[in-house]
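# Predicted model, plus sequence, below.
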Amino acid sequence: MLKNPVNNPLITTCCVIALIFSSPAIAANNNDLTHRAEVVSFIQHMESTHQFTQQQLVELFRQTEIKKSIIAAISRPAEAKPWYQYRPIFVTDNRARDGAKFMQQHQAALDKAEQQYGVPAEIITAIIGVETRYGRYTGKFRVMDALATLAFEYPKRAPFFRSELEHYLLLTREEKIDPLLIKGSYAGAMGIPQFISSSYRHYAVDFDEDGHRDIWNNTNDAIGSVAHYLALHHWQRNEPIATLVQVSGSDYKTLLAKGLKPSTMTTDMNQYGVFTDDTGTSRLAALLEYETKKGAEYWLGYPNFYSITRYNHSPLYGMAVFQLSQEILKLSR
């Protein structure tokens with residue numbers, strides 16, 4: 001378990017290297033991460049910035065493994081699939097039925113979250129349903145292995161995952177957790193809501209006020225943390241999420257090019273050949289395209305849809321959560 005040392009003198013990179021290579025057993029192990037200059041640099045950063053001891057970190061990284069299966073998994077994300085293949089993974093009758101049961105079992109916590117944060121119970125439930133099948137599948141990889149693999153073996157996103165590794169070590173120290181014990185996804189997401197390390201530190205809440213923020217075993221904390229996350233990403237209470245629309249001509253492609261963030265007023269959509277049955281108050285929206293087996297379909301995503309995609313920056317993910325939430329809601333009435 002990592003502990004916060006008191007009055008620990010900082011040491012230089014050369015001292016770290018000297019200590020690492022002083023062990024004959026380690027020198028013979030070519031798989032030891034502490035041989036790598038970028039790991040040595042990371043260890044020094046954690047010492048100088050956060051007062052970890054080099055002995056603790058060297059021991060930790062000696063027990064950490066690079067996993068090729070993690071690189072393979074992140075290279076073929078579900079979000080790379082077309083919508084007609086992605087949707088059946090997450091929007092299913094079984095997942096909707098399980099979601100309705102989840103809502104019934106945790107009604108008190110979901111009602112409290114909706115009242116406190118403004119996020120509907122079915123949206124919170126759908127996110128947990130998409131992420132982990134309501135807490136049943138939270139990941140098989142050691143988070144330490146996942147983050148180290150991606151931080152030092154995945155150049156495409158190495159800065160992001162080094163930052164997450166830094167947050168992870170801080171998290172485990174703060175929560176007094178052995179960093180080698182926690183398991184999660186191939187990307188280092190953890191617990192019932194699949195928070196990455198920085199999200200845990202910024203958004204996880206002790207929703208049942210028992211003195212601990214536990215997203216691994218405490219469903220109440222997971223529910224509150226999801227709602228808190230969306231609220232801090234500008235969820236708007238009692239506002240719509242998405243609406244199916246029709247398009248004509250080719251001017252609508254201008255709106256598609258603007259991306260996920262709502263930037264066009266719905267009252268201006270018709271001049272781009274976008275038509276909707278929504279006759280309510282004009283609001284900002286983004287035009288989204290989804291590939292079905294019968295051709296493309298088009299949706300307006302409102303600010304609340306955009307909030308969902310802050311959880312996972314994919315329009316496929318956002319639509320899966322929204323549509324699953326609607327199926328859950330039908331079964332819960």
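Right, received. Where do you want to start? In this text, all values refer to a predicted model and were calculated from it rather than measured experimentally. Residues are numbered from 1 along each chain as shown.

# rest of the way, CA atoms for contacts and neighbours
Noted.

# For the nearest residue to Thr267 once chain neighbours are set aside, which residues are in contact?
Distance criterion Cα to Cα, 6 or more residues apart in numbering; nearest residue to Thr267, sequence neighbours excluded, is Ser282 at 5.7 Å. Listed by Cα atoms under 8 Å, 6 or more residues apart in numbering, the contact set of Ser282 reads 265-267.

# and which of the residues you listed is nearest to Ala121?
Nearest to Ala121 among the contacts of Ser282 is Thr266, at 26.6 Å by Cα to Cα.

# ok, back up a step: now list the buried members of the contacts of Ser282.
Buried by 16 or more other Cα atoms under 10 Å: 266-267, out of these.

# mind putting the contacts of Ser282 in TSV, pLDDT, distance to Leu150 and secondary structure included?
Output for these, formatted as TSV (pLDDT from 0 to 100; distance: Cα to Cα, whole Å; DSSP: H, G, I helix; E, B strand; the rest coil):
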residue	pLDDT	distance to Leu150	secondary structure
Met265	95	40	strand
Thr266	94	41	helix
Thr267	92	44	helix
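
# quick one: which of the contacts of Ser282 is nearest to Thr49?
Distances from Thr49 to these, taken as Cα to Cα, are shortest for Met265 (45.7 Å).

# Against Phe141, how distant is the closest one?
Note on Met265: its distance to Phe141, by Cα to Cα, to the nearest Å, is 44 Å.

# Can you give me the buried ones in stretch 163-171?
By neighbour count on 16+ other Cα under 10 Å, the buried set for stretch 163-171 is 164-171.

# One more: stretch 170-186?
Neighbour-count burial for stretch 170-186 [16+ other Cα under 10 Å]: 170-173, 179-180, 182-186.

# Can you list which of these are found in strands?
Judged by DSSP state E, the subset of those located in strands is 183-184.

# any chance of the buried residues of stretch 170-186 in TSV, plus pLDDT?
Converted to TSV, the buried residues of stretch 170-186 look like this (pLDDT from 0 to 100):
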residue	pLDDT
Leu170	98
Leu171	97
Thr172	97
Arg173	97
Pro179	98
Leu180	98
Ile182	97
Lys183	98
Gly184	98
Ser185	97
Tyr186	97
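
# and the buried residues of stretch 170-186, which two are the farthest apart?
Across the buried residues of stretch 170-186, no pair lies farther apart than Arg173 and Tyr186, at 21.7 Å, counting by Cα to Cα.

# follow-up on the earlier one: now, which of the buried residues of stretch 170-186 sits nearest Tyr203?
Relative to Tyr203, the closest of these is Leu171; by Cα to Cα it sits at 12.3 Å.

# so the closest one touches Ala204, yeah?
No: with contact defined as Cα atoms under 8 Å, Leu171 does not reach Ala204; the gap is 11.2 Å.

# how does the chain divide up, domain by domain?
Listed by automatic domain parsing, the domain ranges of the chain are 1-63, 242-301.

# Can you check my assumption that Trp299 lies in a strand?
Yes: counting by DSSP: H, G, I helix; E, B strand; the rest coil, Trp299 falls inside a strand.
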